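> Got a predicted structure plus its sequence, pasted below:
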Amino acid sequence: MTGIIIVLVSVIAAAYLIVKKYYAPGALLFVGLITLAVVALISPDPILTGKKATHLEGLDVIQIVTNLLQSRAAGLGMNIMIIGGFASYMDRIGAAGALVRLSVKPLSYMRSPYIIMVLGTMISIVLNIFIPSAAGLALLLMVSMYPILLAGGVSRQSAAASIVMSGCVCLGPSGANNLLGSELTNMHVMDFFLNVQWVIAWPALIVLFISHYFIQQWFDKRDLASGKITKEDFLATATQAENKQPDAPAFYAFFPLIPVIMLFVFSPLMYKGIRMEVVTALLCSTLFALVIHGIRTRSLKECLASLKAFAQGMGKVFTSTVFLIVCAEVFAQGLTKSGGIDTIIQSVSSMDAGAVALYTAMVVIVALASFVTGSGNASFFSFAPMIPDAALTVGANAAFMISPLQLISGIMRSSSPVAGVTIAVSGLSGLDPFVVVRRSIPVMFLTGIAVYFSAMIHI
């Protein structure tokens, strides 16, 4: 019972600090360290054993942070940083912008407003596979797709909501949550994507597109009739976004696609003769783009200078994502060491519907955490590492329990008014964040329900 109390107090404390706009990684680290210290004081067993234990309880609390930093920075963290560097380099040479412009161009030839909107959302979700940053993709879409949606006849409220939802399901092999999911299930990242994540996601995407079409149309008609929006909200206006990317030829749009193509071709699904890691694929793609960019610019100095963006992207992702992951895992360690999580799992597994009850509880916890923090990474990395052992206890399929949590974390982030992507899109469209999520929440709620039931049949 003591462990459950510690878990509840820790979760409430972390949620309170984040809601009060405290720095999220700092809040998670702070609460996690205090939780570990309390457990070290009251528990008869050491909180850390093995070769890396310091044999002093107070130091063991800090050693846990050291161990997580060492393991994450060298493993999953390095993968995420290389992804960040690759994305930054694609921005630097204009390849990401070329991909987005080329993808959204066909929309300008269509005339049905809400069909344009739904097709735009489809394109955005596909682009998210190759541009895994939700906020980064949204900024590109604000200068390319947003004006097309307005010109097509939807309101800026509906257009902004569409772009906020562009990264809601985080499909593909290159997102931080996806990499953790494949690591926890010991699956190749493409195997996890195609045979687990996609199996769950495609029914939910159908629900997303259909509900998005009708819900935004209903909102536009009702709000226009009530005076909440006016005809001016349907006029194409310039956003405050600045496209800082250089003009790049259309063939540069191929560069961001190369890593996913390589990972797919050299995977257990296609050809097993060559083992391809995420980092290797990204580095090969970067070097290929570097050579082509150098030949095109005919400047070795410019070619090598562009690599600075790769290094800066790695550093930026360490501060924004990898450090957040470590802090979230310190928080999760505190919850785990308290014994409260084990007590909850044992209680749930003793029920007749043990696997379903555990799955439902984790979905609710991750959904609430993502909504409150505005971060899919923080919530998923806090609770996902507990799933493999918990799934084994209740006889569930760990992969099909982890994947919906990853999908739900992205869906609820796109419903949160404090999420970075929401704040960015709201600022550029001149709308209040709550006005934008008022449009995204109903769609995301229905999509989340679809994910929940789609995964349940496989658990």
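Done, it's in. Please read these numbers as outputs of a predicted model, since none were measured by experiment.

> got the contact list for the closest residue to R275 other than its chain neighbours?
Spatial nearest neighbour of R275, excluding adjacent residues (Cβ to Cβ, 6 or more residues apart in numbering): F266 at 7.1 Å. All C-beta atoms are positioned from the backbone trio N, CA, C, and that covers glycine. F266 is in contact with I274, R275, M276, A281, counting by Cβ atoms under 8 Å, 6 or more residues apart in numbering.

> Just the pLDDT for the first one.
I274 carries a pLDDT value of 83.

> how many neighbours does G448 have?
22 (other Cβ atoms under 10 Å).

> ok, now which ones touch I125?
So I125 contacts S166, G167, C168, V169, L171, L205 (Cβ under 8 Å, 6+ apart).

> ugh, typo on my part, it should be I258
So I258 contacts A281, C284, S285, F288, A289 (Cβ under 8 Å, 6+ apart).

> Quick check, the first one in contact with P259.
Yes - the pair A281 and P259 passes the contact test of Cβ atoms under 8 Å, sitting 4.3 Å apart.

> Can you spell out which helices and strands pack onto the longest helix along the chain?
Longest helix of the chain, by residue count under DSSP state H: helix 198-226. Helices and strands touching helix 198-226, by 3 or more Cβ pairs under 8 Å, 6 or more residues apart in numbering; DSSP states H and E, are helix 113-130, helix 156-164, helix 398-413, helix 433-456.

> and the nearest residue to Y452 once chain neighbours are set aside, which of the three is it?
Distances taken as Cβ to Cβ, 6+ apart place V363 nearest to Y452, at 5.8 Å, with adjacent residues excluded. Put simply, V363 is helix when judged by DSSP: H, G, I helix; E, B strand; the rest coil.

> Now do the contacts for V363.
P404, L405, I408, Y452.

> and what of S370?
So S370 contacts G376, A378, S379, F380, I408, S409, G410, I411, M412, R413, S416 (Cβ under 8 Å, 6+ apart).

> now swap in I402 and tell me
G181, L184, T185, A384, I387, P388.

> Recalculate using a threshold of 6 Å.
G181, L184, A384, I387 (Cβ atoms under 6 Å, 6 or more residues apart in numbering).

> can you give me the helices in the stretch 301-450 of the chain?
Ranges of helices in the stretch 301-450 of the chain, per DSSP state H, counting those that start in this stretch, are 307-317, 323-337, 340-349, 354-373, 376-383, 387-394, 398-413, 420-429, 433-456.

> Compare the mean pLDDT across these and name the weakest.
helix 340-349 (a mean of 70).

> Three-state assignment for G172, please.
G172 - assigned by three-state DSSP - is coil.

> Which pLDDT value goes with it?
For G172, the model assigns a pLDDT of 79.

> Is it possible to get JSON lines of the helices of the stretch 301-450 of the chain that adds distance to A96?
Formatted as JSON lines, the helices of the stretch 301-450 of the chain follow (distance: least, Cβ to Cβ, whole Å):
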{"stretch": "helix 307-317", "distance to A96": "11"}
{"stretch": "helix 323-337", "distance to A96": "23"}
{"stretch": "helix 340-349", "distance to A96": "40"}
{"stretch": "helix 354-373", "distance to A96": "25"}
{"stretch": "helix 376-383", "distance to A96": "21"}
{"stretch": "helix 387-394", "distance to A96": "33"}
{"stretch": "helix 398-413", "distance to A96": "20"}
{"stretch": "helix 420-429", "distance to A96": "16"}
{"stretch": "helix 433-456", "distance to A96": "23"}
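
> now for those helices, which one comes closest to W198?
helix 398-413 (9.3 Å; Cβ to Cβ).

> quick one: the closest one to helix 198-226, angle?
20 degrees (axes from the mean of the first three to the mean of the last three Cα atoms, to 10 degrees).

> Next, report how far helix 398-413 is displaced from the centre of its chain.
10 Å (Cα atoms, centre = their mean, to the nearest Å).

> Tell me the secondary structure at G273.
Criterion first, three-state DSSP; result for G273: coil.

> hmm, back to that, which two in the contacts of V363 are spaced the farthest apart?
If you compare every pair in the contacts of V363 using Cβ to Cβ, the most distant one turns out to be L405 and Y452, at 10.3 Å.

> So the two - more neighbours on which side?
L405 (25 against 19).

> how close does that one sit to T447?
14 Å (Cβ to Cβ, to the nearest Å).

> Please apply the same query to G430.
Taken as Cβ to Cβ, the span from G430 to T447 is 26 Å.

> Neighbour count for those two, which is higher?
Comparing G430 with T447 by other Cβ under 10 Å, the one with more neighbours is T447, at 30 against 11.

> List the contacts of the more buried one.
Taking Cβ under 6 Å, 6+ apart, one finds A204, V207, L208, I411 in contact with T447.

> are any of these buried, and which?
A204, V207, L208, I411 (16 or more other Cβ atoms under 10 Å).

> The last one touches M165, doesn't it?
So that's I411. No - the pair I411 and M165 fails to qualify as a contact (Cβ atoms under 6 Å) at a distance of 8.6 Å.

> CA atoms of stretch 402-412 as CSV?
In CSV, the C-alpha atoms belonging to stretch 402-412 read as follows (Å, rounded to 0.1, in the frame of the first residue of the first chain):
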residue,chain,number,x,y,z
ILE,A,402,3.4,-1.0,-26.5
SER,A,403,2.5,0.2,-30.0
PRO,A,404,-1.0,1.6,-29.1
LEU,A,405,0.6,3.5,-26.2
GLN,A,406,3.0,5.1,-28.6
LEU,A,407,0.2,6.0,-31.0
ILE,A,408,-2.0,7.3,-28.1
SER,A,409,0.9,9.5,-26.8
GLY,A,410,1.1,11.2,-30.2
ILE,A,411,-2.7,11.5,-30.6
MET,A,412,-3.1,13.1,-27.2
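
> any low-confidence regions in the protein?
236-246, 269, 345-346, 348-353 (pLDDT under 70).

> For H55, which three-state class applies?
Under three-state DSSP, H55 comes out as coil.

> Repeat that for G58.
Criterion first, three-state DSSP; result for G58: helix.

> burial of it, as a residue count?
Around G58 there are 11 residues (other Cβ under 10 Å).

> which residues touch it?
Counting by Cβ under 6 Å, 6+ apart, G58 has no contacts.
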